[in-house]
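>>> sequence first, then the predicted structure:
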Amino acid sequence: MDTFGQKTKTIIGAGYIRESTEEQDKGYSPDNQERQIKSYAERNNIDVKFWYKDLVTGTSTVKRDNFKQMISDAELHKFGIIIVFHSSRFARNVKEARQYKTLLREKLGIDVVSVTQHFGDWQNPSSFLNEGVNELFDEHYSRVVSFWVRHGLAEKRLQGYQRGNPPFGYYKKQIGFDKEKARPIYEKEWRVHPQESKIIKKIYQLYTTGKYSYQDLAGILRHEGEKTKYKNPFTYSSIKDILGNKVYLGYVVSPRKKDLSDIKGKHPAILTKKLFDEVQKIKNIRNATIGRPVAQHRFYLLQGLLYCYRCAKYLLGKENKPQAKLIPKMYCHAQRWFDSKGQRQERYFYGCKLKREMRGCKQKDVACEIIDQQVLKIMEGVILPEDIIQMTLKKLNDLFDNFKKSENEQDKVRDLEKKKQKLMFLFTNTDDLSEESYLKQIQQIDEQLAIYSTLGMTEKKKGATKRVAMVETEKFLRDFKKFWKSDIGPEEKRAWIQMAIKRIWVKDEKVVGVEPNDDFKPLFASLRKVSGQPPIVTP
């Protein structure tokens, strides 16, 4: 009720809960957060109909799936306010806190309030300052915690304790159950798993025969009904990880640093060093003879973007988890042969990763140029909306003007020109500079000056450069097809494709679907969705 006895309008709200592992004993338990949020909502006539919960470690929102879902629902205006227990629950990164609160408050009209911190009206300068200071301390605390956690883990590894969960072949014994946190308690030491350790030894022994590839071994284990630690079928990748993991020799292994100078772990070894070394020797021989060598010179236009349409079902529930296992991505590889003249030839292909991992897909490897040409053709159909054109031209105009007004940038131009004159004098009149050193330094200065030249800062008629750039840019924006077919390099085209497209679906030798990134959907003139299928783009 308000002061006049009239019933105030109920606000639909959302509650957001986050607990990270390093704070489980500091009053931030999910149950406590939920109780406090409900109590606050009742006092303030808020009906919390939406709940979002993330139980993860880390300051970034990247791994917080429920947080991202909450922001998506906010953009649909499903609720009018978000309630958190403490500002650190919303974000512990000042940049992200400001970014999302600005989006919610200023663009969507949705406030974010803290149950335990009373900042007041966010539009009030004092409240804004108070909230900003708290966000700064939240991030500082997070950095301090992160620092000491890293040092603690490093010390733990030096003492021989492993980080994280045991891999296939080991387990930790449960020694109790925490009723308050509703989770089991495990001892620190790893124990050898009787059945899994036998499979580890079998994989190593079979590989030493030289008769089996990673795929062959995965196929044998799948045929026998064996599963990984997380109850998934064995794949090419899981066999590859097992055959190179020094943890099975009893050493400490870090997920990022791999082995740590052969620090002996507290856990017992499963393999003998003789068997492990024999496997590594055979791996090296196979890589040198039948494996594909590392080839950084190879260029794949659509690397990381292609997905197998026949295996689309494996993406369900993993759409926004790029690190998820067993997703229907396609990988790049090369086939090599010698022609009739003895010259080595090479052709590039895209292949289904799940087919390689589990041999359960009928998708044939398809030559890169076949798929590449279809996607390049699709990109020709991109049409830039008028508001995007005007926005881009305005930003370009502002860029020119800001650089011209910047005294600091003008000073840099003058310093570069003076440095160039000095080098020319030294080279012409003294022996202090060799010709090689002189040319190298002059080239570096010219490259820097060229950047300023494009912004009209080294020309006598500075306005001319700006006018030419604006005219040429607008031509390109209004005729993307002409720009796309002009002489731009493959690296630049790949950059455009990666920027605009999220996924490309392939079936046999045909592109059957293209999913643009959200910000670039308006650029595709003829985007349509077919029920149960990926978005289809017709060039």
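Right, received. Where do you want to start?

>>> domain map for the protein?
11-150, 191-289, 392-477 (automatic domain parsing).

>>> as a markdown table, these with distance to Lys493 would be great.
To be clear about C-beta, it is placed using only N, CA and C from the backbone, and glycine gets the same treatment. Shown next, in a markdown table, are the domains of the chain (distance: least, CB to CB, whole Å):
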| stretch | distance to Lys493 |
| --- | --- |
| domain 11-150 | 28 |
| domain 191-289 | 30 |
| domain 392-477 | 14 |
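
>>> how near is the residue lying closest to Cys361 once chain neighbours are set aside to Gln280?
Nearest non-adjacent residue to Cys361, counting by CB to CB, 6 or more residues apart in numbering: Lys355, 3.9 Å away. Distance, Lys355 to Gln280, using CB to CB, to the nearest Å: 27 Å.

>>> so those two - more neighbours on which side?
More neighbours surround Lys355 than the other of Lys355 and Gln280, with 22 against 12 (other CB atoms under 10 Å).

>>> what sits up against whichever helix or strand the more buried one is part of?
Using DSSP states H and E, Lys355 sits within helix 353-358. Contact partners of helix 353-358, identified using CB atoms under 8 Å, 6 or more residues apart in numbering, comprise 215, 218, 222, 233, 235-237, 308, 311, 314, 326-331, 360-363.

>>> next up, phi/psi of Tyr251, please.
phi -90, psi 160 (degrees, to the nearest 10).

>>> just list whatever residues bridge to it.
Lys264 (DSSP bridges).

>>> low-confidence stretches in the stretch 101-250 of the chain?
125-130, 132-163, 181 (pLDDT under 70).

>>> how about the helices in it?
If DSSP state H, counting those that start in this stretch is used as the criterion, the helices of the stretch 101-250 of the chain fall at 125-158, 194-208, 214-223, 236-242.

>>> the third one - contacts with which helices or strands?
Read that as helix 214-223. helix 194-208, helix 236-242, helix 353-358 (3 or more CB pairs under 8 Å, 6 or more residues apart in numbering; DSSP states H and E).

>>> which one of those is the most hemmed in?
helix 353-358 (a mean of 22; mean count of other CB atoms under 10 Å).

>>> CA atoms only: put it into PDB for me.
Only the C-alpha atoms of helix 353-358 are listed here, as PDB (Å, rounded to 0.1, in the frame of the first residue of the first chain):
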ATOM      1  CA  LYS A 353      35.000 -34.500 -37.000                       C
ATOM      2  CA  LEU A 354      32.400 -36.900 -35.600                       C
ATOM      3  CA  LYS A 355      33.100 -39.300 -38.500                       C
ATOM      4  CA  ARG A 356      36.800 -39.200 -37.600                       C
ATOM      5  CA  GLU A 357      36.000 -39.600 -33.900                       C
ATOM      6  CA  MET A 358      33.400 -42.300 -34.000                       C
END
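
>>> that helix: what's the following helix or strand?
strand 366-367.

>>> pull up the pairing partners for that following strand, direction included.
Counting by DSSP bridges, strand 366-367 is paired with strand 344-352 (antiparallel).

>>> which residues are contacting the partner strand?
Taking CB under 8 Å, 6+ apart as the rule, strand 344-352 contacts 298, 300, 302, 306, 308, 310-311, 328, 330-339, 361, 363, 365-369, 371, 506.

>>> among the residues you listed, name the ones in strands.
306, 308, 330-338, 366-367, 506 (DSSP state E).

>>> may I see the ChimeraX selection of the buried members of those residues?
Selection of buried members from the ones in strands among the contacts of strand 344-352 for ChimeraX, criterion 16 or more other CB atoms under 10 Å:
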select :306,308,330,331,332,333,366,506
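
>>> per-residue confidence at the closest residue to Phe299 other than its chain neighbours?
Among residues not flanking Phe299 along the chain, Pro490 sits closest, at 6.4 Å (CB to CB, 6+ apart). Looking at Pro490, its pLDDT is 84.

>>> for the helix holding Lys355, the averaged confidence score.
Rounded mean pLDDT across helix 353-358 is 83.

>>> just the helices in the stretch 351-500 of the chain please.
So, for the stretch 351-500 of the chain - with DSSP H, counting those that start in this stretch - the helices run 353-358, 368-380, 386-405, 407-429, 435-454, 462-478, 480-485, 490-500.

>>> closest one to His77 among the ones you listed?
Taking CB to CB, helix 386-405 is the member of the helices of the stretch 351-500 of the chain nearest to His77, at 22.3 Å.

>>> what about the residue nearest to Phe299, how many residues nearby?
11.

>>> state the distance from it to Lys329.
21 Å.

>>> same question, Tyr248
Counting by CB to CB - Tyr248 and Lys329 are separated by 28 Å.

>>> point out the least confident member of the ones in strands among the contacts of strand 344-352, please.
Lowest pLDDT among the ones in strands among the contacts of strand 344-352: Phe338, 69.

>>> can you give me the neighbour number for the spatially closest residue to Ile110 that is not a sequence neighbour?
Using CB to CB, 6+ apart and skipping the chain neighbours, the partner closest in space to Ile110 is Leu104 (4.4 Å). By other CB under 10 Å, 21 other residues sit near Leu104.

>>> I'd like the numbering to begin with 40 instead of 1 from here.
Sure, I'll start numbering at 40, so the last one becomes Leu143.

>>> and Leu143, what does it touch?
110, 113, 121, 149-151.

>>> so which of those residues sit within strands?
121, 150-151.

>>> so of the contacts of Leu143, which two are at opposite extremes in space?
Ile110 and Asp150, at 14.3 Å, using CB to CB across the contacts of Leu143.

>>> where in the stretch 390-539 of the chain is pLDDT low?
Short version for the stretch 390-539 of the chain, where the test is pLDDT under 70: 439, 441-449, 490-505, 507-508, 526.

>>> repeat that for 50
499-500 (pLDDT under 50).

>>> show me what Phe89 is bridged to.
Here Phe89, judged by DSSP bridges, has bridge partners Ala53.

>>> before we move on, what about Cys347?
With DSSP bridges as the rule, Cys347 is bridged to Val545.

>>> tell me how far it lies from Leu516.
Taking CB to CB, one finds Cys347 at 35 Å from Leu516.

>>> tell me the contacts of the closest residue to Ile76 other than its chain neighbours?
Nearest non-adjacent residue to Ile76, counting by CB to CB, 6+ apart: Gly54, 4.4 Å away. Taking CB under 8 Å, 6+ apart, we find Gly54 in contact with 73, 76-77, 80, 87, 89-91, 121-123.
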